[in-house]
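A.B. asks: structure for the following, please:
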Amino acid sequence: MAYSLKPPYLQKDETRGDYQVWIVDGAYIRGHIDEEFTNFGQHYRYHYIPEKEFWLDKEAEHDERVFFIDHLLIEHDLMAKGASYGDALTQADRIERRERRRAGDVRKVTHQGKELPDAGAVKERLWKKLENGVNVWIVNGRLVRSAFDIDFTAGGHDHVYEFVPEGEVWIDDSIEEKERGFVLLHELHERNRMAIGLTYSKAHAESSHLEFRCRHHPDELHEALTTEGWA
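C.D. replies: Below you'll find the model as predicted:
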């Protein structure tokens, strides 16, 4: 595989049948190859991943590798047979969700798993309370994915997710410290734009562009965050 930049591999994790699982530098991928790379991926979703490889982002916190690998096995197999990404994702999410329940994650944020999850149970620490009243929280990303939205990635806010309380922005604790500022910028900009009426798709596209620029020009990050209310 040829890259104009360095390959993102960090370590070989395990082999599953014909597939090699690699731990990769997700921050590097998002900054230099694809800003939309999430927690994991396979060839039919991300063309730059070799066909027989699964890539897992290096996690800052909780180990979710077993969930992600089971997901990728289903997703890759279905897409190799011609399924659309949407259909493959639905099937893979179903398997992954079942594994998360078996691991006991849902019970950690509900009473016997028979009520709506408690948003407070996933919060780890308040990062900052902004002057406009918005609270930015570092949250347990694994529990958010297990109990609220299995596709939650990097961060989110109340204008996108109904489970995020009003006036809050959540940052996934699986995002490493060196990358959190860029994710924060994305979420604050996106929330501010949606607050004045932009659709999610337009606000997200704008935010991704801004995030990608600051990843390439990190000296602009502080000013960009200040513009979005981080002071």
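
A.B. asks: element containing residue 151, please.
C.D. replies: Assigned by DSSP states H and E, residue 151 belongs to no helix or strand.

A.B. asks: again but with residue 41, I slipped
C.D. replies: strand 40-42.

A.B. asks: so how far is the following helix or strand past that strand from its chain's centroid?
C.D. replies: Proceeding N to C from strand 40-42, the next assigned helix or strand is strand 53-57, under DSSP H and E. Averaging C-alpha positions (CA atoms, centre = their mean, to the nearest Å) puts strand 53-57 14 Å from its chain's average.

A.B. asks: quick check: which ranges of the chain have low pLDDT?
C.D. replies: For the chain, the stretches flagged by pLDDT under 70 are 1-5, 111-114.

A.B. asks: which residue packs closest to residue 11, ignoring adjacent ones?
C.D. replies: With CB to CB, 6 or more residues apart in numbering as the criterion, residue 11 has its nearest non-adjacent residue at 4.9 Å, and that residue is residue 23. In this view, the C-beta of every residue, glycine as well, is placed from N, C-alpha and C.

A.B. asks: how about the contacts made by that neighbour?
C.D. replies: 9-13, 56-58 (CB atoms under 8 Å, 6 or more residues apart in numbering).

A.B. asks: out of those, which are buried?
C.D. replies: The neighbour-count test (16 or more other CB atoms under 10 Å) marks 13, 56-57 as buried among those.

A.B. asks: circling back to that earlier point, can you list contacts of the strand holding residue 41?
C.D. replies: Outside strand 40-42, the residues that touch it by CB under 8 Å, 6+ apart are 49, 53-57, 68, 71-72, 75-76, 79.

A.B. asks: could you do stretch 191-203 as well?
C.D. replies: With contact meaning CB under 8 Å, 6+ apart, stretch 191-203 is reached by 134, 157-160, 169, 189-190, 206-207, 228-229.

A.B. asks: rewinding a little: among the contacts of residue 23, which pair sits farthest apart?
C.D. replies: Farthest pair in those (CB to CB) is 12 and 57. Separation: 15.1 Å.

A.B. asks: residue 219 and residue 191, how far apart?
C.D. replies: 24 Å (CB to CB, to the nearest Å).

A.B. asks: these two: which is more packed in?
C.D. replies: Applying other CB atoms under 10 Å to residue 219 and residue 191 shows that residue 191 carries more neighbours, namely 24 against 7.

A.B. asks: quick revisit: dump the buried ones among the contacts of residue 23 to TSV, plus distance to residue 183.
C.D. replies: As requested, the buried ones among the contacts of residue 23 are exported to TSV (distance: CB to CB, whole Å):
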residue	distance to residue 183
13	24
56	18
57	12
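
A.B. asks: thank you kindly, that will do.
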